[in-house]
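> predicted coordinates and the sequence they were generated for:
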Amino acid sequence: MNYGRGNSNNILDTTMLSLVGEFNTQVNEILGYVRLTRDDVLELQLLFDDLRAIFGKIWPGCTVEPFGSITTGLGIKTSDVDCYIGIYTADRPPPAACAQEARQLLRRHKHLFTKILAILKAKVPIVKFHYLPTRTDCDISFSSPASVYNSELVSHLLNMDERILPLTIIIKYWAKLNNLTGTNFMSNYCLSLLVLFYLQQREIVPPVFTLQQNVAPSSVDCWNMSFDTQEVYTTNNNETLYNLLGGFFQYYKNFAFNKYVISLYHGKVIDKELFRRADSEMYSQFEQYYTNLQNKVCKEIVMKSPMCVQDPFNHSRNVAISVHNRLYINIMNCIRNASAVYDNEDITDFLPKLLLNHPPNRPLKHMPNRNMNTNRGIAKNNYNKQKFGNAKIKQNIQMSRKYYQNQFKRK
């Protein structure tokens, strides 16, 4: 059955799931219920084409590069669309100025875009809006294409084995039902990395550094983001999807998140104290990280949050930074409950007990992480101010307009 994207919130209503029959039959029902269809994804090309046409008038040659779940195959019917807008000019305006200008451009097309909000003072300025033709929420950014490269890596790893994609989608759906992921909670990217790291321990997915050994480096924001897309990785692991799903919860139920950094780059845990000491062995394992620290092009990875999941490319980034103490407790309780279900139920009852017996979908009250300047808080504090702009931003926009006007005159 095709439940359709238009009524996307219906996937939170598990009463429409029967979950009867064999385990693999139940898995197929879940995937059909929550995943975006091929037509849903192809339809998004309308959005990308409209953005390219609109922004191309002020930024000739700009690119619209989607990233995130839409490009990795993990898109579900509640997924937003994320895009990086690449502007490749010598006098490229600052990201905040680009976001301010983009908001103004989108407002001129009321038949296409609504609920337009520019968040300018975040570390990564973005513009949020709703695209009417496909009824899709979208975030666009201008700061860096790093997320595009991250998504390419995740997509590559997800497709290394036929068990990985359905496993990750089911865990993503489980997390969604239990209010563990979303804005200001654990990111879906972080959750995907947790799944992939677990599969590295099962020797189904290789350490990322092995994918970089035989290809020329490609630097983005001073980090090597190239990897060998032709690398063939074979595994002797023949566990069933059922065993891998239950094993995920068993692996993390007693995991010492307070002690270790999860490193997909090396495919192993790293003691936090070793990172702080930076001895010769650690330097050899993370040479680029310590070199960037010495050159002051990055900051130390934040390890004070309850969980530390290192980005596989940008080794100074903890992608679990949004996990605050109360959320961490909730995550661990849900993982332990899921592990108990796996231990106590037979194979045909596992998914019904895991997914149908979840708490009402009421978000956990957010307790901001002191290390994170959240977009939501910025939006709330500045919503009434931002339409007037910031003097510096206005100046940057004027410089941007003047630059492109001169470019057109030369032509």
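Now that the structure is in, tell me what you want to look at.
> gap between the residue sitting nearest the centre point of the chain and Tyr252?
Nearest to the mean C-alpha position of the chain, by Cα atoms, centre = their mean, lies Tyr189 at 3.2 Å. Distance of Tyr189 to Tyr252, computed by Cβ to Cβ, to the nearest Å: 17 Å. For glycine as for every other residue, the C-beta is placed from the backbone atoms N, C-alpha and C.
> okay, how far is it across stretch 318-334, tip to tip?
End-to-end distance of stretch 318-334 (Cα to Cα, to the nearest Å): 22 Å.
> swap in stretch 115-130?
When the termini of stretch 115-130 are compared using Cα to Cα, they are 6 Å apart.
> now the helices: where do they sit in the stretch 301-411 of the chain?
With DSSP state H, counting those that start in this stretch as the definition, the stretch 301-411 of the chain shows helices at residue ranges 325-344, 347-356, 375-382, 391-410.
> just the stretch 151-300 of the chain next, same as before
164-177, 188-201, 208-211, 241-252, 272-277, 280-285, 287-294.
> which stretches of the stretch 301-411 of the chain have low pLDDT?
Along the stretch 301-411 of the chain, the parts satisfying pLDDT under 70 run over 358-411.
> and what of the chain?
Across the chain, the ranges flagged by pLDDT under 70 are 1-9, 358-411.
> domain parsing of it, as residue ranges.
41-143+374-410, 162-356 (automatic domain parsing).
> out of those, nearest to Ile11?
For the domains of the chain, the distance to Ile11 is smallest for domain 41-143+374-410, at 5.2 Å, taking Cβ to Cβ.
> how far away from the center of its chain is that closest one?
Remark: domain 41-143+374-410 is offset 18 Å from the chain centroid, using Cα atoms, centre = their mean, to the nearest Å.
> thinking again about what came up before, got the domains of the chain as JSON lines, with distance to Val154 columns?
Listed next are these as JSON lines, based on distance: least, Cβ to Cβ, whole Å:
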{"stretch": "domain 41-143+374-410", "distance to Val154": "5"}
{"stretch": "domain 162-356", "distance to Val154": "6"}
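> Glu22 is nearest to which of those domains?
domain 162-356 (6.8 Å).
> how far is that closest one from where the chain is centred?
12 Å.
> and it, how far apart are its ends?
Distance across domain 162-356, first residue to last, is 25 Å (Cα to Cα).
> from what I see, Pro95 and Ala122 are in contact.
No: under the criterion of Cβ atoms under 8 Å, Pro95 is not in contact with Ala122, lying 9.5 Å apart.
> wait, what's in contact with the residue nearest to the residue nearest to the centre of the chain when sequence neighbours are not counted?
Nearest in space to Tyr189, with sequence neighbours left out and distances taken as Cβ to Cβ, 6 or more residues apart in numbering, is Val319 at 5.9 Å. Counting by Cβ atoms under 8 Å, 6 or more residues apart in numbering, Val319 touches Ser187, Tyr189, Cys190, Leu193, Val309, Gln310, Asp311.
> closest to Leu12 among these?
Lowest distance from Leu12 to those (Cβ to Cβ) belongs to Ser187, with 18.5 Å.
> contacts for stretch 255-262, please.
With Cβ under 8 Å, 6+ apart as the criterion, stretch 255-262 contacts 193-194, 197, 269-272, 275, 301, 303, 306-310, 328.
> Val20 contacts Asp349, correct?
No: between Val20 and Asp349 there is no contact under Cβ under 8 Å: 10.4 Å.
> so the two - more neighbours on which side?
Comparing Val20 with Asp349 by neighbour count (other Cβ atoms under 10 Å), the higher total belongs to Asp349, at 14 against 10.
> state the distance from the more buried one to Arg163.
From Asp349 over to Arg163 the distance is 21 Å, taken as Cβ to Cβ.
> isn't Cys98 up against Phe142?
Yes: with contacts counted by Cβ under 8 Å, Cys98 reaches Phe142, the gap being 4.0 Å.
> hey, what's in contact with both of those two?
Counting by Cβ under 8 Å, 6+ apart, the residues touching both Cys98 and Phe142 are Ile85, Ile87, Pro125.
> which among the residues you listed end up buried?
Burial by neighbour count, judged by 16 or more other Cβ atoms under 10 Å, picks out Ile85, Ile87, Pro125 from the shared contacts of Cys98 and Phe142.
> in strands only, show me those.
Members of these lying in strands (criterion: DSSP state E): Ile85.
> can you tell me which of the buried ones among the shared contacts of Cys98 and Phe142 is nearest Ser151?
Looking across these and measuring by Cβ to Cβ, the closest to Ser151 is Ile85, at 15.3 Å.
> so what's that closest one up against?
Here Ile85 is in contact with Leu51, Phe55, Trp59, Cys62, Thr63, Val64, Glu65, Cys98, Ala102, Ile140, Ser141, Phe142 (Cβ under 8 Å, 6+ apart).
> before we move on, back to that, just put the shared contacts of Cys98 and Phe142 in TSV and tack on distance to Asn179.
Shown next, in TSV, are these (distance: Cβ to Cβ, whole Å):
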residue	distance to Asn179
Ile85	31
Ile87	37
Pro125	28
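> show me which of those residues is closest to Leu117.
Closest approach between these and Leu117, by Cβ to Cβ: Pro125, at 11.5 Å.
> could I get the contacting residues of the closest one?
Pro125 makes contacts with Pro95, Ala96, Cys98, Ala99, Ala118, Ile119, Ser141, Phe142, Ser143, as judged by Cβ under 8 Å, 6+ apart.
> now those residues as JSON lines including neighbour count and distance to Asn333?
Below are the contacts of Pro125 laid out as JSON lines (neighbours: other Cβ atoms under 10 Å; distance: Cβ to Cβ, whole Å):
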{"residue": "Pro95", "neighbour count": "21", "distance to Asn333": "38"}
{"residue": "Ala96", "neighbour count": "23", "distance to Asn333": "39"}
{"residue": "Cys98", "neighbour count": "28", "distance to Asn333": "42"}
{"residue": "Ala99", "neighbour count": "25", "distance to Asn333": "38"}
{"residue": "Ala118", "neighbour count": "28", "distance to Asn333": "37"}
{"residue": "Ile119", "neighbour count": "24", "distance to Asn333": "32"}
{"residue": "Ser141", "neighbour count": "22", "distance to Asn333": "33"}
{"residue": "Phe142", "neighbour count": "26", "distance to Asn333": "39"}
{"residue": "Ser143", "neighbour count": "19", "distance to Asn333": "35"}
